[in-house]
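Asker: Let's see this in three dimensions:
(2 chains)
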There are 2 protein chains.
Amino acid sequence: MESPLASLTFTADRPRHRQLHDALREAIREGRLTRGARVPSSRRLADDLGLARNTVARVYDDLISEGYLVGRQGSGTYVADSSPDPPRSTFEPAPPARPSQWSLRAGGVAPMAVPGDGPLPYDFRPGTPDWDAFPRRIWWRLVGRRLRDGSALRRYGDPAGYQPLREAISRHLSATRGVICRGDQVVIVNGTQQAIDILARVLVDPGDRVVVEDPGYVEARQLFNAYGAILWPAAVDGLGLRTDTLPVGATRLAYVTPAHQYPTGAALALERRAELLSWAETHNAYIVEDDYDAEFRHGAGARESLQGLEGGRRVLYLGTFSTVLFPPLRVGFVVLPSSLVLPFTRAKWLADRGTGLLEQQALADFLDEGHFIRHVRRSRRRALARRITLEIALARALGGEAEIFPDAGGSHILVRFPGRDAVAIARAARARGVGVYPAAPSYVAREAPQDLVLLGFGALAESTIDTGIAHLATAVRTIPRGLPTPRLSA
Amino acid sequence: MESPLASLTFTADRPRHRQLHDALREAIREGRLTRGARVPSSRRLADDLGLARNTVARVYDDLISEGYLVGRQGSGTYVADSSPDPPRSTFEPAPPARPSQWSLRAGGVAPMAVPGDGPLPYDFRPGTPDWDAFPRRIWWRLVGRRLRDGSALRRYGDPAGYQPLREAISRHLSATRGVICRGDQVVIVNGTQQAIDILARVLVDPGDRVVVEDPGYVEARQLFNAYGAILWPAAVDGLGLRTDTLPVGATRLAYVTPAHQYPTGAALALERRAELLSWAETHNAYIVEDDYDAEFRHGAGARESLQGLEGGRRVLYLGTFSTVLFPPLRVGFVVLPSSLVLPFTRAKWLADRGTGLLEQQALADFLDEGHFIRHVRRSRRRALARRITLEIALARALGGEAEIFPDAGGSHILVRFPGRDAVAIARAARARGVGVYPAAPSYVAREAPQDLVLLGFGALAESTIDTGIAHLATAVRTIPRGLPTPRLSA
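Answerer: Take a look at the predicted model:
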């Protein structure tokens, strides 16, 4: 049994018990630890790995409660006969082991938690839109109209996207976020994920330095890693990205979320914006501005995009319709400097020939006929009401045992449960039908706080929020407080 | 002006006038030859490049008629003030200049012709489905039903695909093509293009050898190139892939179209299939079987897939719904060996999180309720009738001036116009509203016949075919016969 763990070495960036936990879980999931096989005693494994026995025992306990291991009285611990499904219990993507390409032989795509479909009655999953508010019947009518017409559907469209939609987006962005662009600079993609994938392909060579926020968006990091980038994690505080932690050497691009930092929610202060743009100029670096929840910011915040401030020569602006409409509508866009439009379009063509044309056409109509604006306004009002409900419910149910991070609005909040382990909270909550999401995986190089949790509120009715938080409070109180005093920074 | 052409060197694999034409066109498209600038006289350029003056003059004439250059009487030749749109005049992708990654600095994605939307009244474009036969109203009703239900649309689905669709595809493939797989081995993607992109990512490391058919499918080649593969072009004859031209050294995978070779149409003979599988076993190579027009084969041909013959341990089977339904419905699938399902699914997740869920659900219903089978049968009958009409029309209008390649059916044919230049024919045809597509770009290493043309017939009514061929015959006869006598092989 030793062989799957023989190569396990601990890195300094995450707690050892977490690293051991993840390594064992992956080994079981991938069959390297075979079902039904006996695992070493916690004492033995602790000796082998140079860990405290309690540490290993705790990891075994976690894996038993998650269903990967089973304890047999007097006999030892074994790999369960039937592994639980690939992670549906916690949203917990593991960062890639090393920068690499994602071919099998190079190490493959990092193991990740693919969010499952197991329904939870009180699921505070970030990024889930307000599906009930979506005008389905209107959408369906628009789709039907385009199907009936059909003339524009007979062949593959322009891989850069349906021109009227590109123009409509350009107008919309100009009006709402000060983005400066022509329709021709807008390329339609299958959501933000594909936008990052394609721009990484076009812009990143192995060995290039890419700045990411720490904490930040995991999938973006994984993509840049997969294309061979060397990540430079820049710190984040209450004013957003810490520009004094940007690198001094050659850098290819910086991936940032300036309007509403993910996950902390901070809005990038004006002087930091100027510093970031100046840094990019000095280093001839691109900036990728991911405005992932553009429609949901409540505070005064920065209405003006970074792209508008800079002029669009080196800032790429990413946006998406998936989170305001419904997730399976995979339509997003990239606003590119003119010189990048053609390479990006070619890469898009090679990737999948183009985003679904029928959806693009219906979406263009949805925008043009004013349905989008109406839907966004309604969604924003509902989201604000839910956020208030959520904050009040947390304060009532948990008082000082839950600290809510101040932020610029959006569709999720970041909550600290001082002294308590976020993964344990998530597990206990799930057992009560509540979904909350540890924030630690967002961290790269800095020591991840183990007591931070993300709660999305975009999709839940207010009564659901109240009840869900009540159950959450019960779950939280089953977890003993014992982590070291949290540090002041995020 | 010399600088954009100073580095132009001619390779032996394509005619020099084509290389010069493409180089000039790219230089203009990318702004390296600026608009309005004067280009050297044909005599001057011929001297500089060591070409015959007529060769250069002919290239200039082509570029003038395509709109990239303008001649000014007594003054010379100039780059046009407004370039025509990226290639909409001929479907003519250029192969990549060298194997490379597709970042900008590595050379970027190869220039390619993105098929435009300019409508032609008689467009024999290959791969265009029979849109008029598609039951749009039924499709729309299914979409509406799923939207109304909506419960399964609230969050992102399994990135591997909607389980009922995966199962339905598995059953369908088993019944119609002898493919051996469980639903879990089927992963849903955004069409064949994305299937190849993702499998190239997962399987191909820079320097890996990849076998491709020559002639073969261009975009597949470009993708493998972009991921750093070294291509091994294997020959093709009337029995399909020439297994005696497979490499003897280490090879990662072979990309093949055994049921209906693209573009020649040959069905891979049984003894060749056995040889191919034996070769793959010996070299521990994967085989990617692209069954791109599975529903349209008319002849007795091989109903059994290569995957079914082999058992699915090293053959990956690709299929698509785009060509039988309508192109903007970008849904395809890959049947994978079990060990590749997880890596492929992860790569799909990182690429775009998953194919549109609403389309997958509607498609599952479309299959389950029998609409797909009915539609395919109707489409197949119509396609057969159209093919017969097309062949008769060609024989009547052109007699021996048009030689049709025998093949196993499908939705396109390959036609030789002995002694005539295919590009010139395509241009003259376009001027008469007829779209035909030179086959030369499908060739890799072998000398591409310049007199071969692809004609698709999937989307045209029979009367349209008759009229279109009449116009084509007129166009053909304006082109003087003058190419060397074609060799006997494809």
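Asker: other SSEs contacting the lengthiest helix in chain A?
Answerer: In chain A, taking DSSP state H as the definition, the longest helix is helix A:371-398. Packed against helix A:371-398 by the contact rule (3 or more Cβ pairs under 8 Å, 6 or more residues apart in numbering or on different chains; DSSP states H and E) you find strand A:403-404, strand A:412-416, helix A:462-477. Bear in mind the C-beta positions are built from the backbone N, C-alpha and C, glycine included.
Asker: could I get the ones you listed as JSON lines with distance to chain B?
Answerer: Formatted as JSON lines, the helices and strands packed on helix A:371-398 follow (distance: least, Cβ to the nearest Cβ, whole Å):
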{"stretch": "strand A:403-404", "distance to chain B": "24"}
{"stretch": "strand A:412-416", "distance to chain B": "14"}
{"stretch": "helix A:462-477", "distance to chain B": "13"}
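Asker: ranking these by burial, who's on top?
Answerer: strand A:412-416 (a mean of 24; mean count of other Cβ atoms under 10 Å in any protein chain shown).
Asker: Now stretch A:188-198 - C-alpha only, PDB.
Answerer: Extracted in PDB, the C-alpha atoms of stretch A:188-198 (Å, rounded to 0.1, in the frame of the first residue of the first chain):
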ATOM      1  CA  ILE A 188     -18.400  35.700 -28.400                       C
ATOM      2  CA  VAL A 189     -17.300  32.600 -26.400                       C
ATOM      3  CA  ASN A 190     -18.900  29.800 -24.400                       C
ATOM      4  CA  GLY A 191     -18.700  31.700 -21.100                       C
ATOM      5  CA  THR A 192     -15.800  33.000 -19.100                       C
ATOM      6  CA  GLN A 193     -14.100  29.700 -18.800                       C
ATOM      7  CA  GLN A 194     -13.600  29.400 -22.500                       C
ATOM      8  CA  ALA A 195     -12.600  33.000 -22.700                       C
ATOM      9  CA  ILE A 196      -9.700  32.400 -20.300                       C
ATOM     10  CA  ASP A 197      -8.800  29.100 -22.100                       C
ATOM     11  CA  ILE A 198      -8.500  30.800 -25.400                       C
END
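Asker: any idea of the mean pLDDT in it?
Answerer: Averaged across stretch A:188-198, the pLDDT comes to 94.
Asker: do it and chain B meet at all?
Answerer: Yes - where contact is defined by Cβ under 8 Å from any Cβ of the partner chain, part of stretch A:188-198 touches chain B, namely A:189-191, A:193-194, A:197.
Asker: Could you identify which of those has the most neighbours?
Answerer: residue A:190 (31 neighbours; other Cβ atoms under 10 Å in any protein chain shown).
Asker: my read: that residue touches residue A:330, true?
Answerer: Yes - counting by Cβ atoms under 8 Å, residue A:330 is a contact partner of residue A:190 at 4.3 Å.
Asker: buried residues in stretch A:271-283?
Answerer: In terms of neighbour count (16 or more other Cβ atoms under 10 Å in any protein chain shown), stretch A:271-283 has its buried residues at A:272-273, A:275-277, A:279-280, A:283.
Asker: Please list the members of those that lie in helices.
Answerer: A:272-273, A:275-277, A:279-280, A:283.
Asker: May I see the residues of stretch A:188-198 next to chain B organised as JSON lines, with secondary structure and distance to residue B:208 added?
Answerer: Below are the residues of stretch A:188-198 next to chain B laid out as JSON lines (DSSP: H, G, I helix; E, B strand; the rest coil; distance: Cβ to Cβ, whole Å):
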{"residue": "A:189", "secondary structure": "strand", "distance to residue B:208": "28"}
{"residue": "A:190", "secondary structure": "coil", "distance to residue B:208": "27"}
{"residue": "A:191", "secondary structure": "helix", "distance to residue B:208": "30"}
{"residue": "A:193", "secondary structure": "helix", "distance to residue B:208": "26"}
{"residue": "A:194", "secondary structure": "helix", "distance to residue B:208": "25"}
{"residue": "A:197", "secondary structure": "helix", "distance to residue B:208": "21"}
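Asker: that older thread, go through the helices and strands packed on helix A:371-398 and name the closest to residue B:160.
Answerer: When the helices and strands packed on helix A:371-398 are ranked by distance to residue B:160, counting by Cβ to Cβ, first place goes to strand A:412-416 at 26.3 Å.
Asker: picking up where we left off before, who touches both of residue A:190 and residue A:330?
Answerer: Contact criterion Cβ atoms under 8 Å, 6 or more residues apart in numbering or on different chains; residues shared by residue A:190 and residue A:330: A:355, B:352.
Asker: Specify the strand with the largest residue count in chain A.
Answerer: Secondary structure of chain A read by DSSP state E shows that its longest strand is strand A:230-237.
Asker: and that strand, how far out from the chain's middle?
Answerer: 16 Å (Cα atoms, centre = their mean, to the nearest Å).
Asker: Following the record's annotation, map out the domains of chain A.
Answerer: A:16-79, A:114-127+A:374-476, A:134-369 (automatic domain parsing).
Asker: List just the nearest of the ones in helices among the buried residues of stretch A:271-283 to residue B:465.
Answerer: Set against residue B:465, the nearest of these by Cβ to Cβ is residue A:280 (56.5 Å).
Asker: Look at the closest one and report its pLDDT.
Answerer: Residue A:280 is given a pLDDT of 96.
Asker: and the residue nearest to it when sequence neighbours are not counted, bridged to which residues?
Answerer: Spatially, and ignoring its direct neighbours in sequence, residue A:280 is nearest to residue A:287 (5.2 Å; Cβ to Cβ, 6 or more residues apart in numbering or on different chains). Beta-bridge partners recorded for residue A:287 (DSSP bridges): residue A:254, residue A:315.
Asker: so residue A:287 touches residue A:278, yeah?
Answerer: No - assessed by Cβ under 8 Å, residue A:287 is found out of contact with residue A:278, at 11.4 Å.
Asker: returning to what we had before: tell me the mean pLDDT over the longest helix of chain A?
Answerer: Mean predicted lDDT for helix A:371-398 stands at 91.
Asker: Check stretch A:258-273 too.
Answerer: 90.
Asker: follow-up on the earlier one: and which of the residues of stretch A:188-198 next to chain B is nearest residue B:323?
Answerer: Nearest to residue B:323 among the residues of stretch A:188-198 next to chain B: residue A:190, at 19.9 Å, using Cβ to Cβ.
Asker: most neighbours per residue, which of the domains of chain A?
Answerer: Scoring those by mean count of other Cβ under 10 Å, the most buried comes out as domain A:134-369, with a mean of 21.
Asker: pLDDT below threshold where in chain A?
Answerer: Regions of chain A meeting the criterion pLDDT under 70 cover residues A:1-7, A:9, A:11-14, A:29-31, A:65-66, A:82-118, A:297-303, A:407-409, A:483-490.
Asker: try 50 this time
Answerer: A:1-2, A:85-101, A:106-117, A:300-302, A:408, A:486-490 (pLDDT under 50).
Asker: All the helices of the stretch 1-150 of chain A, residue numbers only.
Answerer: For the stretch 1-150 of chain A, the helices defined by DSSP state H, counting those that start in this stretch occupy A:3-6, A:16-29, A:42-49, A:53-66, A:136-149.
Asker: which other helices and strands contact the second one?
Answerer: Contacting helix A:16-29 under the criterion 3+ Cβ pairs under 8 Å, 6+ apart are the following elements: helix A:3-6, helix A:53-66.
Asker: Check the offset of it from the chain's centre.
Answerer: 22 Å.
Asker: which non-adjacent residue is nearest residue A:481?
Answerer: residue A:419 is the one closest to residue A:481 (Cβ to Cβ, 6+ apart), at 3.6 Å.
Asker: Let me know whether that neighbour touches residue A:476 as I believe.
Answerer: No - under the criterion of Cβ under 8 Å, residue A:419 makes no contact with residue A:476, lying 10.8 Å away.
Asker: contacting residues around the most centrally placed residue in chain A?
Answerer: Nearest to the geometric centre of chain A sits residue A:217, at 4.7 Å (Cα atoms, centre = their mean). Shown in contact with residue A:217 (Cβ under 8 Å, 6+ apart): A:255, A:257, A:262, A:290, A:292, A:442.
Asker: Was I right to think residue A:378 contacts residue A:133?
Answerer: Yes - because the distance of 5.6 Å satisfies Cβ under 8 Å, residue A:378 is recorded as touching residue A:133.
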